[in-house]
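*Asks:* what follows is a predicted structure for the sequence shown.
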Amino acid sequence: MGLFRRKKQVVEAPEPEPEPTLPPAPDPDELGRRSVADHRDWLLSMVEPLPPFGMELLDAWGLPVCEDLLSDIALPAHDQAAIAGYAVRAADVAGAAEDNPLKLTAIGSLDASDGAEGFGEELPARSAVRVTVGAPIPGDADAVVPLGLTDRGEQELSVFGHVRAGDNIRVRGSDVSIGDELIRDGDLLGARNTGLLAATGFDKVLARPRPRVVVLATGTDLVPPGTGLREGEVYDSNSHMLAAAARAQGAQVFRVGIVSQDPEEVKQTISDQLVRADLLICTGGRDDDQTIVGQVVPELGPTDVSEVALQPGHKQGFGLIGDEEVPIVLLPGDPVGAFVSFEVFVRPLLRKQMGLEPLDRSVLDCTLATQVTSEPGVAEVLRARVTDTSEGPVIEPIGSPDSHQLGDLAEGNALLLLDPDTEVLEKGDLVLAWPLQKDDR
């Protein structure tokens with residue numbers, strides 16, 4: 001038995017971690033709708049650029065570089081021949097012509113694989129060294145005579161034309177000098193600057209990764225393309241369209257396709273995708289399909305479903321789910337509404353994750369080809385076709401207001417943007433549009 005009683009240690013229960021929440025939502029209008037700008041800015045406030053890491057040059061192609069890179073070497077590394085011919089002293093061939101050939105002593109040859117030390121000695125007077133393209137220039141040589149102006153003699157060389165000092169020589173550092181800026185923080189890595197970086201010895205760059213985007217669709221009426229349709233069924237176009245749209249923005253895309261309508265299976269499918277997702281895109285079919293997703297996602301993290309003053313695409317959802325608070329966007333089930341929502345809200349999110357500016361498409365000023373009416377208080381986005389004319393771009397809405405008509409969306413080459421103050425626009429009025437590139441179709 002112990003001589004002294006020990007006090008029992010009191011173990012304090014850890015403070016429960018606060019439940020994650022979303023930032024305060026924007027104020028709605030009198031009809032309970034958020035403005036497009038407010039909702040977009042609110043979504044962007046919850047997404048940060050992905051952290052950069054070192055990537056192989058080809059893996060970073062198309063991505064913004066996150067560092068300034070300066071050249072450690074000169075290009076070319078030494079004076080070299082720009083053409084095949086003979087390295088000479090220009091003064092030794094002054095006055096050479098077809099009817100007045102001058103004789104030089106041919107004393108060797110150099111090619112591009114020879115080092116900067118080249119010939120290893122100064123070029124004697126009235127001598128010549130045969131050189132290939134890229135070969136180093138011997139000391140005291142200051143020009144290259146083209147092969148066509150010589151008889152190509154192996155020991156004694158006849159020269160039938162003169163050259164001036166500096167002719168046909170690439171001077172050391174004339175392409176790139178030591179300390180030259182090769183690429184700036186924020187520049188996109190393309191084919192040309194990839195070549196420049198490789199030429200100056202860089203095999204990797206610091207860049208943000210491509211966002212990993214998981215796309216899934218819900219709908220009891222959806223079936224995969226390539227299968228037969230039964231009464232009441234439609235092909236799943238949305239997950240393919242949205243996956244293609246995300247890939248066109250440079251994302252790494254995983255298309256899950258159609259998800260079961262069982263709430264537990266929907267929840268499990270979404271949870272399983274979090275390990276490979278920087279952003280999830282979910283598009284519903286009918287209203288009851290979106291309701292199932294709207295019920296499930298809040299169990300995985302804080303979620304917001306709201307009305308936005310946007311046509312098409314008025315119903316929008318967003319959440320931060322899982323331990324890593326991965327953003328998920330819930331888009332409308334109608335194809336045009338889903339595409340417009342992607343352009344207005346999802347595309348800026350992806351570009352912010354990639355560290356790209358600007359977040360939105362470039363706006364094109366156009367002349368309206370016909371009268372257009374719009375519901376006041378709602379930002380309307382219309383499928384349209386832009387035609388270049390001698391007086392500038394002219395735009396014409398195409399198709400019907402039906403937001404399920406994909407044919408018109410595929411046929412158009414622009415989205416006509418009407419602000420909430422618009423009620424009637426007349427033919428000839430100036431309007432704004434987002435041009436859609438062919439590879440965005």
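*Replies:* Thanks, I have the structure now.

*Asks:* burial count for the closest residue to Pro51 other than its chain neighbours?
*Replies:* Leaving aside its sequence neighbours, Pro51 sits nearest to Arg208 (Cβ to Cβ, 6 or more residues apart in numbering; 7.3 Å). The way it works is simple: take the backbone N, C-alpha and C, and place the C-beta from them, glycine included. By other Cβ atoms under 10 Å, the residues close to Arg208 number 20.

*Asks:* can you pull the contacts of Arg208?
*Replies:* 49-52, 63-64, 66, 353-355 (Cβ atoms under 8 Å, 6 or more residues apart in numbering).

*Asks:* tabulate those residues (TSV), appending pLDDT and secondary structure.
*Replies:* Shown next, in TSV, are these (pLDDT from 0 to 100; DSSP: H, G, I helix; E, B strand; the rest coil):
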residue	pLDDT	secondary structure
Pro49	97	coil
Leu50	98	coil
Pro51	97	coil
Pro52	97	coil
Leu63	95	coil
Pro64	95	strand
Cys66	97	coil
Gln353	98	helix
Met354	96	helix
Gly355	94	coil
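
*Asks:* list buried residues within the residues you listed.
*Replies:* Burial by neighbour count, 16 or more other Cβ atoms under 10 Å: within the contacts of Arg208 this picks out 50, 52, 63-64, 66, 353-355.

*Asks:* farthest pair in those?
*Replies:* Farthest pair in those (Cβ to Cβ) is Cys66 and Gln353. Separation: 13.1 Å.

*Asks:* Glu375 and Pro312 touch, don't they?
*Replies:* No - counting by Cβ atoms under 8 Å, Glu375 does not reach Pro312; the two are 11.6 Å apart.

*Asks:* where does the prediction get shaky in the stretch 151-300 of the chain?
*Replies:* For the stretch 151-300 of the chain, the stretches with pLDDT under 70 are 285-291.

*Asks:* to clarify, my last question referred to the stretch 1-150 of the chain.
*Replies:* 1-17, 116, 118-119.

*Asks:* Asp278 contacts Ala246, doesn't it?
*Replies:* No - with contact defined as Cβ under 8 Å, Asp278 does not count as touching Ala246 (10.8 Å).

*Asks:* before we move on, the earlier item: which one of the contacts of Arg208 is nearest Gly195?
*Replies:* Gly195 has its nearest neighbour among the contacts of Arg208 in Leu63, at 16.2 Å by Cβ to Cβ.

*Asks:* could you check how far the closest one is from Arg210?
*Replies:* Distance from Leu63 to Arg210, counting by Cβ to Cβ, to the nearest Å: 7 Å.

*Asks:* residues contacting Gly313?
*Replies:* Each residue near Gly313 by Cβ under 8 Å, 6+ apart is listed here: 331-332, 337-338, 340-341, 344, 381.

*Asks:* at 10 Å what do you get?
*Replies:* 36, 331-332, 334, 336-345, 379, 381, 403 (Cβ atoms under 10 Å, 6 or more residues apart in numbering).

*Asks:* could you list which of those belong to helices?
*Replies:* 36, 336-341 (DSSP state H).

*Asks:* and Ile270, what helix or strand is that in?
*Replies:* Using DSSP states H and E, Ile270 falls within helix 263-273.

*Asks:* got a list of contacts for that helix?
*Replies:* By Cβ under 10 Å, 6+ apart, helix 263-273 touches 212, 214-216, 218, 254, 256, 259-260, 262, 277, 280, 282, 289, 292-293, 295-297, 299-300, 319, 321-322, 326, 328.

*Asks:* and the top strand by length along the chain, which strands flank it?
*Replies:* Longest strand of the chain, by residue count under DSSP state E: strand 379-389. When pairing is defined by DSSP bridges, strand 379-389 lines up against strand 310-311 (parallel), strand 392-397 (antiparallel), strand 414-418 (antiparallel).

*Asks:* need the ones you listed in JSON lines (columns: mean neighbour count and mean pLDDT).
*Replies:* Below are these laid out as JSON lines (neighbours: other Cβ atoms under 10 Å; pLDDT from 0 to 100):
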{"stretch": "strand 310-311", "mean neighbour count": "22", "mean pLDDT": "96"}
{"stretch": "strand 392-397", "mean neighbour count": "19", "mean pLDDT": "97"}
{"stretch": "strand 414-418", "mean neighbour count": "22", "mean pLDDT": "97"}
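
*Asks:* so which of these is nearest Glu122?
*Replies:* Comparison of the strands paired with strand 379-389 against Glu122 by Cβ to Cβ identifies strand 392-397 as nearest, at 64.5 Å.

*Asks:* kindly export the closest one (C-alpha atoms) in PDB.
*Replies:* What follows is strand 392-397 as a C-alpha-only set of coordinates in PDB (Å, rounded to 0.1, in the frame of the first residue of the first chain):
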ATOM      1  CA  GLY A 392     -16.700  45.500 -87.300                       C
ATOM      2  CA  PRO A 393     -18.200  42.400 -85.700                       C
ATOM      3  CA  VAL A 394     -22.000  42.000 -85.900                       C
ATOM      4  CA  ILE A 395     -23.800  39.600 -83.500                       C
ATOM      5  CA  GLU A 396     -27.100  37.900 -83.900                       C
ATOM      6  CA  PRO A 397     -28.800  35.700 -81.300                       C
END
